[in-house]
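Engineer: dropping the sequence and predicted coords here.
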Amino acid sequence: MSEPLDIPPNAEAGALRIALRTAVILLAFTLAFTAFMSAAWQLTAKRIAISAEAEKLGLIGAVLAPSFYGNALLDDAIVLPPQAALGLDEEARLFRARKHGKPVALVFEAVARDGYAGPIRLLLAVSNDGRLLAVRVTRHKETPGLGDYIDPKKDRNKARPWITQFADLDFDRLPAERWRVKKDGGQFDQRAGATISARAVTNATRQALLWVLPRRDKLFALPSGTRFTDQGSPP
Amino acid sequence: MNTWKAIVHNGVWKQNTLLAQLLGLCPLLAVSTTLVNAVSLGLATILVMMLANLAISALRSLIPYEIRIPVFVLVIAALVTVVDLAFNAFLHDLYLVLGIFIPLIVTNCIVLARVEAFAAKNSLAASTLDGLAMGVGFLWVIGLIGGIREIIGQGTLFSGIEMIFPGLSGLQILPADYPGFLIMVLPPGAFFTLGLLIAGRNWLEARAAARARRQAGGATTVTVAT
C-alpha cells in the first residue's frame, strides 16, 4: 500500500506532480505487462500452432479415417469463395483426399444458418462416388441438454448418436426429396422438443450434397492452393 | 481462531463468493449447466485467483493508491491471457475442455474484489491462501449448483466427464425417458438454485445465532444474520 494521500501546501503544483507521477507509473506497469504477455506469446505460439493443426486433423479424422487416404490432406486444399448454397459467408478451404493419386473424398465445411440458437457449423466428407461418408457438427450454440444432441459428444445415445444416421448415404439410396426430418415427411429422426436443430442440420447436409455432387471433378482437378470459381458449373 | 484458519473459514463459508458476497454471477449463469463444466471452471478460477493475489501482494508497495484499480485490471487480464496461452500450448487436452472458460474468468469480479480487499494489504503467503480459500468457496458452490441443475435439468450427472477422463461416462440418474426440465438448463435455473442455497445458508446462520443467544443467557442485543 502506498502512503496516504497528503495535500501539500502548494496544492496545485502538488496535484500536477502526483498526476504525472501516477501516469508514469501506470505507463510503466502497462509496458511491463505487455512485455510479459508478448513473451508468453512468443514462447507458446509454435506449440499452439502445432496443436491447432493436430486438432484440425483430428476433426477431419472424425469424418474421414486417415487410412482412407495417403496424401497430406491439409496441404491439398483449394480456396472456396463464399458459397450461399453451403451457407458460407466467408472464404473456406476444401480438402481433397487421394490414395495413390486417385481421388477418394472431398472434405469441406458447411453452415446451417437456421439453427435454433444461431448458425451450426458442419464438417462433411463426400466420397468421389457421391456418398456422404460422414458429417460432424464442429460449432453450435444449441440449447444444452435439448438441441445439442446433434453433436455426438453431447448425444445421450452413445451407441448410435443421432448424427450417424447420415453416414454412408447417397441420393440413390435416399432421394433428395426424402432427405428431410420425419416431421417434414422425410426419413431422419428428430428428438421431441428440439426439431429445429435436427431440421437445420438435415437440410444443410442435403444442400451441401446437392452442391458438391455436380462439381466433384472440377474440385478435384484444380491445382492445390487455387481459388474455385463456379463459372461453367451447373446451377 | 488464528489468522490462517480465519482466512480459510472466510473464503469457504463466512464470506463465500457466491452465497455471501454474490460476486461472480456471470460465470455462474453461463457455466453451471453440468457438474463437470462447473468444477472445471472452479478449478481454473482457483488457479487465477491464487496467481492474481500473489502478483498483487508482491507488487503492492509499487502501486499508487489512486491508480490501483487500473493496475489490478491490467495484472488480472495479463495473468488470464498468459494462463490461457500456457494451457493451450502445454496442456492442450485440458485446454480443449477448459479453454472456453478461461477467458470467462476475467468476467468474475471476485478476482478483482479479493485483490482490492485483501491482497493489496496483506503478505504474500496470506494473500495466496486467501485466493485459494475464496476459489475453493467458489468451486464448491458452483459445483453443487451444476450438479443440481444437471440432475433436474437433464437427469444425468457427470455428463461430459469423458472429455477429461476418456473411458468414463456420465451417469443416468433419473429414468432414461425423463423429458428434462428446460428452465433448469437455461440461466433462470441458476438463479433459482442459487436463491435456494442462499436461503439455506441464511437459515443455518440464523439458527447458529439463535443458539448463541440462548447460551449467552438471553442477551439483550439481537443480531441479524446476513
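Structural biologist: Now that the structure is in, tell me what you want to look at. Remember, it's a predicted structure, so these values are computed and weren't measured experimentally. Numbering: from 1, shown residues only, chains lettered A, B, ... in the order given.
Engineer: element containing A:Ala125?
Structural biologist: A:Ala125 is part of strand A:120-127, with elements assigned from DSSP states H and E.
Engineer: now that strand: buried residues?
Structural biologist: By neighbour count with 16 or more other Cβ atoms under 10 Å in any protein chain shown, strand A:120-127 contains the buried residues A:Ile120, A:Arg121, A:Leu122, A:Leu123, A:Leu124, A:Ala125, A:Val126, A:Ser127. In this view, the C-beta of every residue, glycine as well, is placed from N, C-alpha and C.
Engineer: can you pull out the low-pLDDT segments for the chain?
Structural biologist: The chain I'm using is chain A. Residue ranges of chain A with pLDDT under 70: A:1-11, A:232-235.
Engineer: that's the wrong chain, I wanted chain B
Structural biologist: Residue ranges of chain B with pLDDT under 70: B:1, B:97-98, B:217-226.
Engineer: determine the longest helix present in it.
Structural biologist: helix B:124-154 (DSSP state H).
Engineer: quick one: is that one near chain A?
Structural biologist: Yes: for helix B:124-154, a contact with chain A is found by Cβ under 8 Å from any Cβ of the partner chain, at B:Gly153, B:Gln154.
Engineer: what helices or strands is that helix leaning on?
Structural biologist: Contact here means 3 or more Cβ pairs under 8 Å, 6 or more residues apart in numbering or on different chains; DSSP states H and E; on that basis helix B:124-154 packs against helix B:3-9, helix B:25-31, helix B:35-59, helix B:109-114, strand B:156-157, helix B:182-185, helix B:187-215.
Engineer: identify the residue spatially nearest to the residue nearest to the spatial centre of chain B, adjacent ones excluded.
Structural biologist: Most central in chain B under Cα atoms, centre = their mean is B:Phe138, positioned 1.7 Å from the mean C-alpha point. Spatially, and ignoring its direct neighbours in sequence, B:Phe138 is nearest to B:Thr17 (4.5 Å; Cβ to Cβ, 6 or more residues apart in numbering or on different chains).
Engineer: what's around the closest residue to B:Arg201 other than its chain neighbours, how many residues?
Structural biologist: Leaving out its chain neighbours, the residue that sits closest to B:Arg201 by Cβ to Cβ, 6+ apart is B:Leu19, at 4.9 Å. When neighbours are defined as other Cβ atoms under 10 Å in any protein chain shown, B:Leu19 has 20 of them.
Engineer: wait, doesn't B:Leu19 sit right on B:Ile142?
Structural biologist: No: using Cβ atoms under 8 Å, B:Leu19 makes no contact with B:Ile142, being 10.8 Å away.
Engineer: about what we covered before: so which helix or strand takes in the residue nearest to B:Phe138?
Structural biologist: Per DSSP H and E, there is no helix or strand for B:Thr17.
Engineer: if we can go back for a sec, okay, the angle between the longest helix of chain B and helix B:35-59?
Structural biologist: Relative orientation of helix B:124-154 versus helix B:35-59 (axes from the mean of the first three to the mean of the last three Cα atoms, to 10 degrees): 160 degrees.
Engineer: and the angle from helix B:124-154 to helix B:187-215?
Structural biologist: Using the same axes, to 10 degrees: helix B:124-154 against helix B:187-215 is 120 degrees.
Engineer: what sits against the residue nearest to the centre of chain B?
Structural biologist: B:Asn16, B:Thr17, B:Leu18, B:Gly24, B:Gly42, B:Thr45, B:Ile46, B:Met49, B:Asn108, B:Ile110 (Cβ atoms under 8 Å, 6 or more residues apart in numbering or on different chains).
Engineer: give the contact list for the nearest residue to the third one once chain neighbours are set aside.
Structural biologist: Meaning B:Leu18. Nearest residue to B:Leu18, sequence neighbours excluded (Cβ to Cβ, 6+ apart): B:Val141, at 4.3 Å. B:Val141 is in contact with B:Asn16, B:Thr17, B:Leu18, B:Leu19, B:Leu194, B:Leu197, counting by Cβ under 8 Å, 6+ apart.
Engineer: now for the residues you listed: which two are most distant?
Structural biologist: B:Thr17 and B:Leu197 (12.3 Å; Cβ to Cβ).
Engineer: count the neighbours of residue 68 for me.
Structural biologist: Picking chain A for this. 15.
Engineer: was after chain B, sorry
Structural biologist: Neighbour tally, B:Arg68, other Cβ under 10 Å: 18.
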